[in-house]
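> one predicted model, sequence on top.
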Amino acid sequence: MTSKKRNRAVGFLLAASLTGAGILALSALPSDGDGPRRPSVIVGHAKEALPSSTAGDWVSYADHVAVVNVVSENEQPPSAEEVQAGEGYISRTVKIDVAQKLWSRPGAAELPASVTSTVDGWSFKGTTRTPIAREGASRLEPGHTYVIALARFADGQWSRIGSGAALPYDGAVVGNGEVMSKPVTTQKAPLSAMIEGPDLQTRAVAVVAKGQAASALAGVLAKATPDPVAVQNSGLDPVARYAKVTGQTAPTEYCAAAEPFDAASGSELSKTELADYLEVLLPYETEDHAATLTTLISYFRFEAPQTPATAAKFAAARVEFTVRLRQQCGFEVRSLTPNPAPDPTTPVG
């Protein structure tokens, strides 16, 4: 897979090809004002491969937690097929400058002073683009400050470990800043309310640290306990580490059935063939992943008018499937752009 295609695969889901986040449903939040309105943001409800909400999650799967500034963003052009169709997905990368390290995992790779990360982009139709965001999560937008739990993944990229691993931090207060492309604010909270209590390990960091300074969050992380299996496998990247924690293994039969999607196979598949092979995989999938395959199958089987929301839903399903095969089987997945079927009226030879 080329780096451009890989970045597009990463783009829709944070930490993407690595955390395995998958959008299972999409909804739209309307813009302010009266009359007919386009959504101001398309909301993805994600099932992610790495947990990222609690202090225990952060110290088990992150390499560093830091205060960062998002200083710039760059968009990656959509595919030629999407440009021709007039709708699709625009991937986005952001440059992140590290302002202050709050916590580091023992033995973790050194965190660079600046990293580039692929994050949620935009759905577009014609000349109109709509931001895509995960439910309740920050998009990471220029001009804002965040506290982020970062990790270096198997391909060497640095990214947050999941949608719960970035907290808005404008004005040096956790909870002030950008969430889902909208400004949010909070009030200062007493430190004792944050760091005391038996449920520190399981409460969401966003709740525990709300209204606090980053230094107080560092104290929370110092008190948190990583998963012992994650500690035993600290030399693995976060996804492989979590697989050890949950006892996941590569499903041999599933990967054999998915082989036509492996770029190494050299397969060039038509829409019908793509749908057929996806249907072969359905019996192996959980309910959530089966819903993703059903979205792809419907797209390849039926020629339905595409709205920004349905185009984004297909793009998300395509990414989730690509990520799952890479994670489960180690495949570099071929492009899911169908090979045109031969015209039956055209003579062969």
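Now that the structure is in, tell me what you want to look at.
> tell me where the stretch 101-250 of the chain has strands.
114-125, 128-134, 145-152, 158-160, 166-168, 177-179, 182-184 (DSSP state E, counting those that start in this stretch).
> neighbouring contacts of the last one?
Just to be clear, that refers to strand 182-184. 41, 168, 175, 176, 177, 178 (CB atoms under 8 Å, 6 or more residues apart in numbering). Bear in mind the C-beta positions are built from the backbone N, C-alpha and C, glycine included.
> related to what we said a few turns ago, between the strands of the stretch 101-250 of the chain, which one is closest to residue 95.
The closest of the strands of the stretch 101-250 of the chain to residue 95 is strand 114-125. By CB to CB, the value is 5.4 Å.
> the closest one pairs with which strands, parallel or anti?
Sheet partners assigned to strand 114-125 using DSSP bridges are listed as strand 87-104 (antiparallel), strand 128-134 (antiparallel).
> mean pLDDT added to those, as TSV?
Conversion of the strands paired with strand 114-125 to TSV gives the following (pLDDT from 0 to 100):
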stretch	mean pLDDT
strand 87-104	93
strand 128-134	89
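> in stretch 127-142, which residues are buried?
130, 131, 132, 133, 134, 137, 138, 139, 140, 141 (16 or more other CB atoms under 10 Å).
> distance of residue 130 relative to residue 72?
21 Å (CB to CB, to the nearest Å).
> what's the answer for residue 135, then?
26 Å.
> quick check: angle from the longest helix along the chain to strand 87-104?
Determined from DSSP state H, the single longest helix within the chain is helix 308-329. Angle of helix 308-329 versus strand 87-104, following axes from the mean of the first three to the mean of the last three CA atoms, to 10 degrees, is 50 degrees.
> figure out how far helix 308-329 is from the centre of its chain.
Its chain's C-alpha centre and that of helix 308-329 lie 10 Å apart, by CA atoms, centre = their mean, to the nearest Å.
> and it, what's its mean pLDDT?
For helix 308-329, mean pLDDT is 78.
> list the buried residues in that helix.
For helix 308-329, a neighbour-count test (16+ other CB under 10 Å) marks 308-329 as buried.
> list the contacts of residue 96.
Counting by CB under 8 Å, 6+ apart, residue 96 makes contact with 68, 69, 70, 71, 114, 115, 116, 117, 140, 148.
> quick check: the first one is in a strand.
I take that to be residue 68. Yes. Membership of residue 68 in a strand is supported by DSSP: H, G, I helix; E, B strand; the rest coil.
> I'd say residue 112 and residue 157 touch.
No. Look at residue 112 against residue 157 with CB atoms under 8 Å: they stay out of range, at 11.3 Å.
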